[in-house]
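Colleague: quick one: sequence plus predicted model below, questions after.
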Amino acid sequence: MEILHRKISSDCDGLGTGDSLCSEDLQVRVSPEDAVRECESRQSRKDPLIHGEKNYKCKECGEKFMENRFLLQHQLIHTGVKSYKCEKCGKAFLKKADFTRHYSIHVREKPYECFECRKAFSRRSHLMEHQRIHTGEKPYKCRECGKAFSRRSHLTEHQRIHSGEKPHVCSECGKAFAHHSDFIRHSRIHSGEKPFECQECGKAFCDSSSVTRHMRCHSREKPYECSECGRTYSYSSTLMTHQKSHSRMKSYKCKRCGKAFDQKADLSQHQQTHTGDKPT
């Protein structure tokens, strides 16, 4: 390395040996050989970002990443935690990129409109998929059983019934699930999360079906009807219990219409429909 010294002040002897050194006037000229040695020295100090080293390893599947933030984002796949929630529709996502892509649906134009129901879409492919609701088209067919689906994703989930594949594993207890929705519902047992709330009384539940079932307490809705006697019930389990009574021997028969009952009290109550009188 050669040092060039320009003599500017009177106290400087121009050789760098005088009492006063003009440090501000020092210039460094690096030879090609020195430049190569410096580059090799820097390369020896291995920077993972420069050299592409992946020092962050996922304990679940062994996949490696260059930065910890990428590892943390990847681990959400195993935990099932969807940290990115859309404030417009409530839909949640594992990855920020997926959330960003989804959110653009709310803010951008939707030029593709369904002629049947006037629902609009931002992508033509989404419109075509939606239109199958009206046409009944199911182009994705299972080779095992012949069942058809309108969406490829639905076929993929269905095929796990035949293959026995259960890719969604709970990190808490090890239980595995074929469908991601079942895995999410199960994970709330461990987390205690109850995102579905009754609008009438405020009681919270782990899944939407539970809150729907609970709300019948308030609405008195009875959608389950017995095909034998016409009785209605709020819950399917109650209907199934009731239907067992029809399978038992019916010893009490109505003389007017021939309808039979397994209990005398039920026959007496039925007879009122013919006479309008209270049974003796």
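Modeller: Okay, I see it.

Colleague: give me the spatial nearest neighbour of Arg152, chain neighbours excluded.
Modeller: Tyr140 (5.2 Å; Cβ to Cβ, 6 or more residues apart in numbering). Yep, even glycine has a C-beta here, placed from its N, CA and C like the rest.

Colleague: ok, now which ones touch that neighbour?
Modeller: The contact partners of Tyr140, by Cβ atoms under 8 Å, 6 or more residues apart in numbering, come to 148-152, 154-155.

Colleague: any regions of this protein where pLDDT drops low?
Modeller: For the chain, the stretches with pLDDT under 70 are 1-52, 80, 247-249, 277-280.

Colleague: what segments of the stretch 51-200 of the chain are strands?
Modeller: Using DSSP state E, counting those that start in this stretch, the strands of the stretch 51-200 of the chain run over 56-57, 64-65, 84-85, 92-93, 112-113, 120-121, 140-141, 148-149, 168-169, 176-177, 196-197.

Colleague: out of these, nearest to Ile105?
Modeller: Closest to Ile105 of the strands of the stretch 51-200 of the chain, according to Cβ to Cβ: strand 120-121, at 8.4 Å.

Colleague: helices or strands up against that closest one?
Modeller: If contacts are counted by 3 or more Cβ pairs under 8 Å, 6 or more residues apart in numbering; DSSP states H and E, strand 120-121 sits against strand 112-113.

Colleague: strand partners (parallel or antiparallel) of the strand it packs on?
Modeller: Strand partners for strand 112-113, identified by DSSP bridges, are recorded as strand 120-121 (antiparallel).

Colleague: can you map out the helices along the stretch 101-250 of the chain?
Modeller: Using DSSP state H, counting those that start in this stretch, the helices found in the stretch 101-250 of the chain span residues 124-135, 152-163, 180-191, 208-214, 216-219, 236-247.

Colleague: just put the ones you listed in CSV and tack on distance to Leu76 and mean neighbour count.
Modeller: Formatted as CSV, the helices of the stretch 101-250 of the chain follow (distance: least, Cβ to Cβ, whole Å; neighbours: other Cβ atoms under 10 Å):
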stretch, distance to Leu76, mean neighbour count
helix 124-135, 25, 14
helix 152-163, 20, 14
helix 180-191, 12, 15
helix 208-214, 23, 14
helix 216-219, 36, 12
helix 236-247, 36, 13
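
Colleague: got a markdown table for those helices, with distance to Asn68 too?
Modeller: Output for the helices of the stretch 101-250 of the chain, formatted as a markdown table (distance: least, Cβ to Cβ, whole Å):
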| stretch | distance to Asn68 |
| --- | --- |
| helix 124-135 | 36 |
| helix 152-163 | 32 |
| helix 180-191 | 24 |
| helix 208-214 | 36 |
| helix 216-219 | 49 |
| helix 236-247 | 49 |
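
Colleague: any idea how far Thr100 is from Val81?
Modeller: As defined by Cβ to Cβ, to the nearest Å, Thr100 lies at a distance of 18 Å from Val81.

Colleague: just His162 next, same as before
Modeller: In terms of Cβ to Cβ, His162 sits 30 Å off from Val81.

Colleague: which residues does Cys111 contact?
Modeller: Not quite, residue 111 is Pro, not Cys. By Cβ under 8 Å, 6+ apart, the neighbours of Pro111 are 120, 122.

Colleague: with distance to Leu239 added, can I get the strands of the stretch 51-200 of the chain in CSV?
Modeller: Formatted as CSV, these follow (distance: least, Cβ to Cβ, whole Å):
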stretch, distance to Leu239
strand 56-57, 53
strand 64-65, 53
strand 84-85, 37
strand 92-93, 35
strand 112-113, 42
strand 120-121, 40
strand 140-141, 34
strand 148-149, 29
strand 168-169, 32
strand 176-177, 28
strand 196-197, 24
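
Colleague: got a list of what Arg213 touches?
Modeller: Counting by Cβ under 8 Å, 6+ apart, Arg213 touches 234-235.

Colleague: roughly how far does it sit from Lys95?
Modeller: Distance from Arg213 to Lys95, by Cβ to Cβ: 33 Å.

Colleague: one more: Ile161?
Modeller: Here the criterion is Cβ to Cβ. By it, Ile161 lies 28 Å from Lys95.

Colleague: what's the answer for Glu87, then?
Modeller: As defined by Cβ to Cβ, Glu87 lies at a distance of 17 Å from Lys95.
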